[in-house]
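>>> Any chance you can model this:
(one chain, ligands or ions: 2)
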Amino acid sequence: MKAVHTPWYMNAIFYEVHIRAYRDSNRDGIGDIPGLISKLDYIKDLGVDCIWILPIYPSPLKDDGYDIADYYGVLPDYGTLEDFKTLIKEAHKRDLHVIADLVLNHTSDQHPWFQASRSDPNSKYRDYYVWSDTDDKYSEARIIFLDTEVSNWTFDEKAGMYYWHRFYASQPDLNYDNPAVIEEMRQVMKFWLDMGIDGFRADAVPYLIEREGTNCENLPETHQILKSFRAYLDENYEGKILLAEANQWPEDVLPYFGDGDEFHMGFHFPVMPRIFMAIRKGDASPIRWIMSQTPDIPEDTQWCIFLRNHDELTLEMVTEEERQWMWAEYAPLPRMRLNLGIRRRLAPLLDNDQRKILLANALLYALPGAPIIYYGDEIGMGDNIWLPDRNGVRTPMQWNDHTNAGFSEANPEELYAPVIDTDEFTYRKVNVEQAAKDPDSTLNKMRALIKIRKSNPVFALGDYRFLAENHTECLVILRTYQDQHILCALNLTDRQQELTLHLPDLVGKRMHDLVSDKYHGRITSTETSLHLEPYGFFWLVCQD
Ligand code: NOJ
Ligand code: CA
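Ligands and ions are numbered 1, 2, ... in the order given. Take a look at the predicted model:
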């Protein structure tokens, strides 16, 4: 039976951590691996199954580590390879998995491959990157970092040629038409897998291959290469995963699951902005619509669903009109915007209203997939829009109300970024220690929601059906797995709502709210009524 063999990632809770931001163990103002190790118990207590750590490799940090200068090391600020091994060991001891970024598409321009490539036309590395005498090839490929880049080509004086890059000019794209590059990446995978890592979040996968006359995204050749990485993983390792970062429409993400022979998991990007739309508009339609556009995926593959991450809240997968609306509603100041997105954290986006923060999480967890929580969002951390790029959502984790929020014992001036100390978001109020003591804190309520979600696999594995479609102020979703049924009813408005539901299939069952642990009566053959408080929700298990 399926339930018995369900792979670990199917019903997992993920937690995204930036080592730089989590905990500084050696007073240099920069978070590090020993710092993260010292906080593993906290992460475990949250109910997390898998930690995703942002890039830890040596890097000039032009893109906070997504510009890798050496795939086989650890940035000295963060620690050593030995520290990393200890992290894996300590995580595994606690039954926590660890995945890390696999940045396939590009390296840093400081990587020795690129240095050799640009300096010597006869070097074997010349063909590791995508060079051209002109800057007019692949003109249909969009520019992703719109606010900073004017072209996907940059002229290199040394080479006397242009090189291709989908992100910052300091991140030249690798040439995946060269089998040597594919082999290099296999070796990189092997290195970290042999160290015990549980898999990879593969960065920017749609862009591996370029072809004239296309937008250079999601090409069949790219899928072939990704499948070869998966085959390598399956042949040599067990229980390890590949998670695709493909910011695409669901129908275009579908091929990344292959026939169950490409990625185990893929982010569901487009549902994310629609959760924010639904809560601001008090209207469930955007979520229902995007889910209607979401195809079934192969057995033992899973969506990764999220509210926020370390990047801007991307608005690539919405219409122009929706984007303007989202910017107007959620990013009224120009500093809050970046590229096609919004560089803010969850709590400030939701007006620091705990009801909305919990509603957003409860809604996310009610959807099929495995949720990812971005560090700090579980305590309602704020952001700092005065910091450049996406740094405003990567500030130090707030552990307590001591100096530097308990993140570091360095002088406050030495921190890689200031801790949040403004108004309602100050670390003096918003911190783990405080939240842990308060039974009504966002942290404790999230812990409870996570626990319920995890212990009811119907959330992660079940089918879903939207109900009460005419009552658009609420999202009502019935999750079913084998003989388990959970009815999730969420009020997206700041007004009370009376829901009347017809549940012919469930007549006679008793409804018990898993969140409040309260009985809600029996489902009758006529109408079943539910009363929802403003931004309130129920997760009603329906059983005999
Ligand atoms: C996606 C990552 O999430 C982002 O932070 C990074 O800048 C780009 N890929 C380029 O690697
Ligand atoms: Ca440190």
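>>> mind listing the helices for the stretch 351-500 of the chain?
Ranges of helices in the stretch 351-500 of the chain, per DSSP state H, counting those that start in this stretch, are 354-366, 432-437, 442-455, 458-461.
>>> Same list (those helices) but as a markdown table, adding mean neighbour count and mean pLDDT.
Every C-beta, even on glycine, is put in place using the N, C-alpha and C of the backbone. Putting these into a markdown table (neighbours: other C-beta atoms under 10 Å; pLDDT from 0 to 100) gives the following:
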| stretch | mean neighbour count | mean pLDDT |
| --- | --- | --- |
| helix 354-366 | 21 | 98 |
| helix 432-437 | 17 | 98 |
| helix 442-455 | 19 | 98 |
| helix 458-461 | 22 | 96 |
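>>> Let's have these in TSV, adding distance to ligand 2.
Converted to TSV, those look like this (distance: least, C-beta to the ion, whole Å):
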stretch	distance to ligand 2
helix 354-366	30
helix 432-437	19
helix 442-455	25
helix 458-461	36
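>>> Quick check: phi and psi at Lys89.
Dihedral pair for Lys89: phi -60, psi -50, per degrees, to the nearest 10.
>>> From Pro76, how far off is the spatially closest residue to Gln110 that is not a sequence neighbour?
By the measure of C-beta to C-beta, 6 or more residues apart in numbering, the closest residue to Gln110 outside its immediate chain neighbours is Ala69, 4.5 Å from it. Spatial separation of Ala69 from Pro76 under the definition C-beta to C-beta, to the nearest Å is 12 Å.
>>> Mind listing the shared neighbours of these two?
With C-beta atoms under 8 Å, 6 or more residues apart in numbering applied, the overlap between the contact sets of Ala69 and Pro76 consists of Pro58.
>>> Check whether the residue in the stretch 101-250 of the chain that ligand 2 sits nearest to sits in a helix, strand or coil.
For the stretch 101-250 of the chain, the residue positioned closest to ligand 2 under C-beta to the ion is Asp101, at a distance of 19.9 Å. Look at Asp101: counting by DSSP: H, G, I helix; E, B strand; the rest coil, its state is strand.
>>> could you point out which element follows the lowest-mean-pLDDT helix or strand in the chain?
The element with the least model confidence among the helices and strands of the chain, by mean pLDDT, DSSP states H and E, is helix 2-5, at a mean of 56. Toward the C-terminus, helix 2-5 is succeeded by strand 14-17 as the next helix or strand (DSSP states H and E).
>>> just checking, Gly392 touches Arg343?
Yes. In this structure Gly392 lies within contact range of Arg343 using C-beta atoms under 8 Å: 5.6 Å.
>>> Quick check: neighbours shared by these two?
Both Gly392 and Arg343 are contacted by 383, 385, under the criterion C-beta under 8 Å, 6+ apart.
>>> And the strands in the stretch 101-250 of the chain?
In order along the chain, the stretch 101-250 of the chain carries the following strands (DSSP state E, counting those that start in this stretch): 131-132, 153-156, 161-164, 199-203, 241-244.
>>> thought Phe276 was touching Leu349?
Yes. Using C-beta under 8 Å as the test, Phe276 is close enough to Leu349 to be in contact (6.6 Å).
>>> what touches both of these two?
313, 330.
>>> Around ligand 1, pick out the residues from the protein.
The chain has residues 63, 66, 103, 167, 203-204, 245, 310-311 near ligand 1, with proximity defined as C-beta under 6 Å from any ligand atom.
>>> Assess the claim that the residue of the stretch 101-250 of the chain closest to ligand 2 and Ile53 are in contact.
Yes. Taking C-beta under 8 Å as the contact criterion, Asp101 and Ile53 are neighbours in contact, 7.5 Å apart.
>>> and for the two, which residues touch both?
Counting by C-beta under 8 Å, 6+ apart, nothing touches both Asp101 and Ile53.
>>> hang on, the earlier thing: got a pLDDT number for the residue nearest to Gln110?
Ala69 is assigned a pLDDT of 98 by the prediction.
>>> Excluding residues flanking it in the chain, which one is nearest the residue of the stretch 101-250 of the chain closest to ligand 2?
In space, and not counting its chain neighbours, Asp101 is closest to Pro55: 4.7 Å by C-beta to C-beta, 6+ apart.
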